[in-house]
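# sequence first, predicted model second:
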Amino acid sequence: MKTQTIATARVQRLKEAVESAPHAVCAERAILVTEYFRNKEHRKKPMPAQKAGALAYMLAHKELRIWPDELIVGNTTSKRKAGPVFPELHGLPMLEDLFRFNSRSTNPLQIDDRERKALLTEVAPFWLTRFLAYRAMSGLELVRFTKDQLTPKFFLINETGGIGHLIPDHERVLRLGLKGIREDIARMMAPLPTQDSRLQEYDSMLTMCRAVRDLAGRYAEKLFEMAKTEPDPERSRELADMGHNVLYCPENPAQNFHQAVQAVWLVHSVVLLEGLDNGISFGQMDRYLLPYYESDLKNGRITRERAKELLCCLAVKTSEVIPVFSSKITECHGGFLSGQAITIGGTDEEGNDVTNELTMIFLEVMDEVRMRQPNFHARIHKDSPRHYLDRIMDNLVRGVNSPALYNDHVIVPSLLRAGYSYQDAMNYSTLGCVELLSAGKTFGSTDAALVNLPICLEMALNRGYLFGDILRSGPDTGDPALFRDMNDVRHAFLIQLRSLMDRLVNVLAPIERANRDFHPTPFTSVLTQGCIEQGKDVTEGGAVYNFSGVQGVGVTDVGDSLHSIAQMVFVQKKCTLPELVDILKHDFENHPKLRTALLNLPKFGNDMPDVDSHSRWVLDQFCESMEGKENTRGGKFVAGFYSTTTHHSFGKVTGATANGRSKGQPFSSGIAPMNGHDLKGPTAMFNSVAGIGFLKAHNGANVNAKFDTATLRGEHGRMLLESLLLTYFQKGGMQIQLNVLDTDMLKDAKLHPEKYPNLLVRVSGYSAYFNDLSPAMKDEIIARSSLTC
Amino acid sequence: MTPLIFDIQRFSIHDGPGIRTALFFKGCNLTCPWCQNPESIDLRPEIAFYSERCIGGHDCFDVCPDNAIDLQGVDRIDRDLCTRCGKCAEVCVAGAFRIVGREHNHQEAMAEILRDRDYYANSGGGVTFTGGEPTLHADFILGLLRECKEHGIHTNIETNGYFSWHKFQEMLPYLDLIYFDLKVLDAKTSRAMLGVNSERIMLNAQQLMEAGAPVQFRVPLIPGHTDSKENLNAIIALLHSIGADSVHLLPYHSMGETKAKRVCSPLPELKARPFSTEQLSALQEVFEKQRIKTKVYR
């Protein structure tokens, strides 16, 4: 098996520079956008023209940064590692942290005084009555919304921050160039009468195409200047080459690999600044870059190593991107989540395997770069070739923790069911954390909202009230004393869930309309098929596919709670339902024993069909609750199952649950079993998870498994891991993210056992759960882990 | 009689090839002082106490018919009084008491085995019968073996070699692998340390080789017990004489100690230190030099 490859010195320097740079807030975008909109003349134009004008103004005036050693240029902010501020969207509410960005404990961000002052005196006052949520809702509605979303209880709405979450049609830009796309647009415009409303959208699309061309020109100019003054002749030549590349493409079709990679990054960086800098992904890069790599290779213009270095440069740049969130939002989406995914492997639209040399290069890139971003996602299907699987497993057993794996045999049928054509389902791409869509065709708002499911059960058990509330939050679903059996409990839960979903859709609608009316994204529309053809913005429903993705959080908490109620109240009859509800209301006060008894009932994740069936039902009902609902772009609502860190934030505001979870404690992440309660090892856990049924989870689902390096050591470990993961896929698993823990993580696991409940480690000839070991044994395993890597 | 199984370990990846399910049968006919599964020795069920799970209730105290619960005692159970009725484990909501050893009938055991059959198929794994000494329950295991073979499941048994040949022979056609432990071969030492006559073990080893059975010999390396030059040479001589050319070495580790405390095992604490890497290589050398291939379990 191929051993680990090592990044070139250049890549290592780039990586170090980005890693050592402080996380910062960059006010540049906010200041430039505000400058533009302050001009009343600008505000008289139609909205798409305003937005295009503002973005073009920004691109024309932003500071260009070309860092030492770079081969791929394009900075989203004026700093090395920073997030831009979107004052017209969620940026204004985020500024509540203006005086504590530096000092806050989770994800602190640097901001200097000059920028703080500008944000405070120039930016904030102007947008106070103009930001998106303000425009979406009127007085009382806005107050209620703001109050609710400051500490989200029932659901967390992400769309007030814009929509983002898409994959630009890079393939088309590389093939036609912006020039060719402008010609397409001009052709569509030609027959239209002058008063046709579509012309506004087309005009702004053209503005954007030209603005990006001009931005590329600015980079080229700067590169040529730098080349002149660069003392090192080799770097000077490099800079000049880079200048020629960026000047030529994206304006013209890419002529070589370097141009193609450069153009993808430049386009990506502009999309990040336009809509929302979250979930902007790259699609099947190993596929659309291949022609350029092959032709360069054939003509002796590139080596494999050089191609890899270029891709490493691009990968490092994705880690320069961070989102600016307030402390409150950081609680829900912690860890500088920006969700830039690259998809590799899988099939083309006819189902033929697409794995190629670039796929293999990408597997080396993730090994060599090993940074927070991008997210690498590998598609797996029955014809995935041996060397591809081998290299994936090799990465995983060595603790690269990348790629995450996606099962085509579950995902393709799910996408077909969601309404994708056969071709578009077959060559799907992944996005963000776990989402699934068609690159360049879907405007999926995959992260529209996350829903707190356990709170629906709380209301179901308490006639629509939250525990301790005097105002009703959901419909009256009847006195639990009159519930005769589990059907009555489930029925009450369903009514609460459906009512909450209706409420969610009603809240989302004005926000989606506000995105359409006040935050159209013409450049994103240029890069999304369907928009040019229809003369419609993506926010208006111009894309070929339109969805809104809503995540269900706490599926297994509800499932296990239903199992507990069934056992305690209706089977073992240890207490009545009103008694149990009363105990939950008081957070097990004076009933620690009952809590322990509830905790010790079997939970989801142990391959016990009668227990797991409850979670399966919850998942299914959540998916069903979205059927028939339509978003304002004419698309369906689709269900997903990942929680980012909302299982903590939702948990905090939810009362005690019948699975034994105390008030305020976190829920399970994604669709994971309750922490520390899957006791039968990974095969049992995988059987439970695979059995939950992912067909209707069109938006994707997240599953994590953790091992230590010694369990999966060497060739044997690789084989075991592969058969474990592929069997999980064979049984219906949709996705898996594997973490093999290194020494530092094991040390952390010793300090914080609650964070690593299911960590399986190899002791000596056998494996055990890390938390079951004595402190001395834990130390031994930590010591050993530093030797075996 | 249905034998007791004290653990069913799924995703067991060290008891034979691939991903396996290991069934641990209770009861052993040897008395190895280094036993790593002290809860496996007694044929009867055992009550294990997990102090870290105890939430300080006293249902155990209230329900114990033998007055064997000592709420102040570190080990909670007075083993002299305890009759292992298991009532404490039944009432403890915290799960601080666990009954070690549960009856599984054939159907139940088979159902557990079948749950991971797809993992076996994809990894070249299967089921491993271990213990304790599984051959004490040869009739029961024979039934499981037959059915495993009907499902095409790979089978392995781990034995200390002290079994009745006649009984073992019945299982042979259904066994794909036999892990056969060689511990102490000198007759006197064996009788004193393990409590059995080593000659029977050696004879069984020979008969298995003669029958062409798929046997893999293993040697637990226990400092001060099995690692003497004489013992290792005796093992090598046996391997040569019966025509075996490889051995798996199982070095001592200290995990068994915490387990022993939970069931208050009568075994005295083994004050041994695990081997260093250098020591292990030297032991490996002893075999390799005499043309016995080795594989060390780590």
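Arrived safely.

# in the helix or strand harbouring residue A:237, which residues are buried?
Assigned by DSSP states H and E, residue A:237 belongs to helix A:233-248. Applying a neighbour-count criterion of 16 or more other Cβ atoms under 10 Å in any protein chain shown, one finds A:238, A:239, A:240, A:242, A:243, A:245, A:246, A:247, A:248 buried in helix A:233-248. Heads up, the C-betas are built off the backbone N, CA and C, glycines and all.

# and the angle for whichever helix or strand comes after it with helix A:233-248?
Going down the chain from helix A:233-248, the next helix or strand is helix A:257-274, by DSSP H and E. Helix A:257-274 runs at 60 degrees relative to helix A:233-248, counting by axes from the mean of the first three to the mean of the last three Cα atoms, to 10 degrees.

# for helix A:257-274, give the mean pLDDT please.
Helix A:257-274 shows a mean pLDDT of 98.

# now do the helix or strand following that helix: which elements does it pack against?
Downstream of helix A:257-274, the next assigned helix or strand under DSSP H and E is strand A:283-284. For strand A:283-284, the elements it packs on are strand A:341-345, judged by 3 or more Cβ pairs under 8 Å, 6 or more residues apart in numbering or on different chains; DSSP states H and E.

# lowest average confidence, helix or strand, in chain B?
Least confident helix or strand, chain B: helix B:256-263 with a mean of 62, by mean pLDDT, DSSP states H and E.

# host element of residue A:25?
In this structure, residue A:25 sits in strand A:24-26 according to DSSP H and E.

# got a list of contacts for that strand?
Contacts to strand A:24-26, defined as Cβ atoms under 8 Å, 6 or more residues apart in numbering or on different chains, come from residues A:77-79, A:81-85, A:101, A:109-111, A:115, A:324.

# possible to save those as a markdown table with secondary structure?
Shown next, in a markdown table, are the contacts of strand A:24-26 (DSSP: H, G, I helix; E, B strand; the rest coil):
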| residue | secondary structure |
| --- | --- |
| A:77 | coil |
| A:78 | coil |
| A:79 | coil |
| A:81 | coil |
| A:82 | strand |
| A:83 | strand |
| A:84 | strand |
| A:85 | coil |
| A:101 | coil |
| A:109 | coil |
| A:110 | strand |
| A:111 | coil |
| A:115 | helix |
| A:324 | coil |
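
# most widely separated two among these?
Spanning the widest gap among the contacts of strand A:24-26 are A:78 and A:101, at 16.2 Å by Cβ to Cβ.

# more neighbours: which of the two?
Neighbour count, other Cβ atoms under 10 Å in any protein chain shown: between residue A:78 and residue A:101, residue A:101 has more, with 21 against 17.

# what's the single longest strand in the chain?
All of this is about chain A. Longest strand in chain A, counting residues (DSSP state E): strand A:545-553.

# look at chain B instead
As assigned by DSSP E, the longest strand anywhere in chain B is strand B:4-12.

# and the host helix or strand of residue A:286, C-alpha only, in PDB?
Using DSSP H and E, residue A:286 sits within helix A:285-288. Extracted in PDB, the C-alpha atoms of helix A:285-288 (Å, rounded to 0.1, in the frame of the first residue of the first chain):
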ATOM      1  CA  MET A 285     -14.100  18.500  -9.000                       C
ATOM      2  CA  ASP A 286     -12.200  15.300 -10.000                       C
ATOM      3  CA  ARG A 287     -14.600  15.100 -12.900                       C
ATOM      4  CA  TYR A 288     -14.800  18.600 -14.400                       C
END
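
# who wins for neighbours among the contacts of strand A:24-26?
Most neighbours among those, by other Cβ under 10 Å: residue A:324, with 30 neighbours.

# quick one: neighbours of the residue lying closest to residue B:196 once chain neighbours are set aside, just the number.
The shortest distance from residue B:196 to any residue other than its chain neighbours is 5.2 Å, reached at residue B:162 (Cβ to Cβ, 6 or more residues apart in numbering or on different chains). By other Cβ under 10 Å, the residues close to residue B:162 number 22.

# could you do the one 4 residues further on as well?
Residue B:166: 8 surrounding residues under other Cβ under 10 Å.

# wait, a helix at it?
Yes: Residue B:166 forms part of a helix when assessed by three-state DSSP.

# and it, how far from residue B:130?
Plainly put, residue B:166 is 21 Å away from residue B:130 if you go by Cβ to Cβ, to the nearest Å.

# where are the low-confidence patches of chain A?
A:1-3, A:757-758, A:760, A:762-768, A:783-789 (pLDDT under 70).

# got the contact list for the residue most central in space within chain A?
For chain A, the residue nearest the mean C-alpha position is residue A:432 (3.0 Å; Cα atoms, centre = their mean). Residues near residue A:432 by Cβ under 8 Å, 6+ apart: A:165, A:278, A:279, A:281, A:339, A:341, A:375, A:446, A:447.

# same question, residue B:247
B:182, B:217, B:218, B:219, B:235, B:239, B:287, B:292, B:293, B:294, B:295 are the contacts of residue B:247 under Cβ under 8 Å, 6+ apart.

# 7 Å instead, please
Counting by Cβ atoms under 7 Å, 6 or more residues apart in numbering or on different chains, residue B:247 touches B:217, B:218, B:219, B:239, B:287, B:292, B:294.
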